[in-house]
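Undergrad: build me a structure from this.
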Amino acid sequence: MCPTWTTFNETRLAQWTARDESSSCNWNMSQAASWRVGLCLKDRGCGAQGYLLLERVDTYACDASLNKSFTSNTKLDAYYRKMIGPDAFLTTFTGPQKYVPRDTIYRGECGYKIPFQLSNSGAFNVTVIHTHTNFSAVDELHNFYPPVVFDAVANFQLDVCGGCKEVMAAELLNATESLAVCDRGAPTQGGYVRIGSGPDVGNVLEYKRRVLKQKYAWIAFGCRYDQPFELHYNDTCLTHANRTVLMMGDSHIRVTLNHLLNRIEGEQRDLVQSDQPAPEKSVFQGLTLEHGWDPQLKRFADRLEITDHLMRVDDLVLSLNHWPFAGLSNNGHWTMGLYRATVEMLMETLEGVNNVRLEAGLARLNVVWLGVYSSFVWRTGTRVEKKDWRTPLRLKVAHEVALDVVQKRDFVKVVDGWGLTAVWGQDSLDENHFHRLPATEALVDEILHTLNICEN
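TA: I've put the predicted structure just below:
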């Protein structure tokens with residue numbers, strides 16, 4: 001079994017990719033005349049780490065894109081020009097695991113570095129799609145739908161350790177039983193691993209494969225979940241849970257809650273639909289789950305009302321997710337500055353709520369921040385007509401902006417919503433939500449693990 005399953009090392013990857021070894025790269029990976037693409041491999045053992053290098057061929061087009069104005073925020077303008085660059089890409093590795101590199105690093109002069117670290121052996125198909133240019137993916141000056149390029153830059157096969165055995169999800173899941181429980185205070189490192197088929201798959205993975213039609217399952221690396229609630233696994237906890245959990249946010253939170261309800265019920269229910277309502281309250285013995293529809297979390301503007309409600313719950317799971325960047329008809333088109341200010345207001349309000357709770361002799365509210373989910377890249381349809389501002393890159397920046405605020409509060413725990421959903425953006429069944437995809441199963445895993453319902 002690959003050691004990378006239990007020693008996934010992001011620090012090592014960052015240290016190596018910080019160096020420029022472009023002279024040793026294979027520069028024959030491009031299928032677009034406008035881009036040079038290099039594949040730079042450090043290790044092709046039982047996993048693979050390295051990076052892709054992308055360079056725009058037309059320097060005049062590069063200069064033109066760099067001259068575009070896209071924000072009135074001078075600090076944000078400098079950040080985008082130094083760290084992000086004018087272009088946006090979708091890079092996907094599909095094979096024994098499904099993987100999307102987290103970062104695209106700008107190298108200047110329309111050149112980009114995309115670090116990756118795979119954790120399985122076998123044949124991967126690697127695709128790079130150029131989605132946006134001229135800073136359109138993050139433009140907050142113009143009232144238009146961000147123009148989409150969607151040109152294939154690269155599409156090639158990468159064989160990782162050709163003679164090595166591919167590790168399936170069932171084998172990894174069984175191997176984690178002897179490992180320590182994952183840290184509840186930080187997002188879990190893991191990956192989407194191919195389920196496969198056969199007698200060794202097990203009931204849980206067979207349910208995901210046969211009923212949910214999923215080919216991949218989220219597996220924690222180097223640790224284990226102890227409260228998955230899969231098919232009645234943790235039912236005994238519910239009798240003494242004595243917990244009320246409120247989930248607040250937009251339709252993405254509603255979809256996530258409906259998946260969580262299916263998980264807690266432990267039944268092979270009808271498949272979750274994207275427009276399926278969530279009940280306002282669901283009771284499972286000692287556990288109560290409440291739903292609060294509030295896409296832009298406007299209820300927090302009334303501090304007395306929200307404080308009164310939050311005095312009656314134990315846990316708050318929330319996110320300021322997609323609506324701030326949707327079309328104007330949804331009160332969208334927020335600048336990143338407004339988004340940050342709103343998250344800061346939310347945290348200040350929650351700090352005040354906890355002060356009131358402590359004065360009343362109650363424990364502090366346990367807050368779980370779900371981050372910002374990624375999105376589909378629309379080329380036609382309603383979202384284009386409504387001038388929707390949502391792009392994967394803009395939402396990633398919002399996710400990181402929010403993290404910079406919420407992680408300064410010691411009563412907040414974080415789920416990596418963007419990282420868990422970025423892999424599945426273009427697989428969305430309704431070109432928006434992540435229902436019935438491994439992403440939402442992973443979100444439920446992380447929420448349940450962070451809530452620690454079975455705590456004695």
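
Undergrad: would you map the strands across the stretch 301-450 of the chain?
TA: Per DSSP state E, counting those that start in this stretch, the stretch 301-450 of the chain carries strands over the ranges 315-318, 366-369, 412-414.

Undergrad: okay, stretch 330-346 in PDB with CA atoms only?
TA: Output in PDB follows, covering the C-alpha atoms of stretch 330-346 (Å, rounded to 0.1, in the frame of the first residue of the first chain):
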ATOM      1  CA  ASN A 330     -30.800  37.400  -6.100                       C
ATOM      2  CA  ASN A 331     -29.200  40.600  -4.600                       C
ATOM      3  CA  GLY A 332     -25.800  39.300  -5.800                       C
ATOM      4  CA  HIS A 333     -22.800  41.000  -7.400                       C
ATOM      5  CA  TRP A 334     -21.200  41.600  -4.000                       C
ATOM      6  CA  THR A 335     -17.600  42.800  -4.100                       C
ATOM      7  CA  MET A 336     -15.100  40.800  -2.200                       C
ATOM      8  CA  GLY A 337     -14.800  43.700   0.300                       C
ATOM      9  CA  LEU A 338     -18.500  43.500   1.100                       C
ATOM     10  CA  TYR A 339     -18.300  39.800   1.500                       C
ATOM     11  CA  ARG A 340     -15.400  40.000   4.000                       C
ATOM     12  CA  ALA A 341     -17.100  42.800   5.900                       C
ATOM     13  CA  THR A 342     -20.300  40.700   6.200                       C
ATOM     14  CA  VAL A 343     -18.400  37.600   7.500                       C
ATOM     15  CA  GLU A 344     -16.700  39.800  10.000                       C
ATOM     16  CA  MET A 345     -20.100  41.100  11.200                       C
ATOM     17  CA  LEU A 346     -21.300  37.500  11.500                       C
END
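
Undergrad: quick one: average pLDDT of that stretch?
TA: Per-residue pLDDT over stretch 330-346 has a mean of 96.

Undergrad: just give me how far it sits from the chain centre.
TA: 19 Å (C-alpha atoms, centre = their mean, to the nearest Å).

Undergrad: Val406 against Met347, yeah?
TA: Yes - between Val406 and Met347 there is a contact at 6.1 Å, judged by C-beta atoms under 8 Å. Glycine gets a C-beta too; all of them are placed from N, C-alpha and C.

Undergrad: shared neighbours of the two, anything?
TA: Contact criterion C-beta atoms under 8 Å, 6 or more residues apart in numbering; residues shared by Val406 and Met347: Val412.

Undergrad: quickly note the distance from the nearest residue to Gly352 once chain neighbours are set aside to Pro199.
TA: Leaving out its chain neighbours, the residue that sits closest to Gly352 by C-beta to C-beta, 6 or more residues apart in numbering is Arg303, at 6.6 Å. Arg303 is 57 Å from Pro199, where distance means C-beta to C-beta, to the nearest Å.

Undergrad: give me the more crowded residue out of those two.
TA: Arg303 (15 against 7; other C-beta atoms under 10 Å).

Undergrad: relative to Glu290, how far out is that one?
TA: From Arg303 over to Glu290 (counting by C-beta to C-beta), the distance is 19 Å.

Undergrad: repeat that for Leu52.
TA: Distance from Leu52 to Glu290, by C-beta to C-beta: 45 Å.

Undergrad: kindly report the same for Tyr145.
TA: For Tyr145 relative to Glu290 (C-beta to C-beta), the value is 35 Å.
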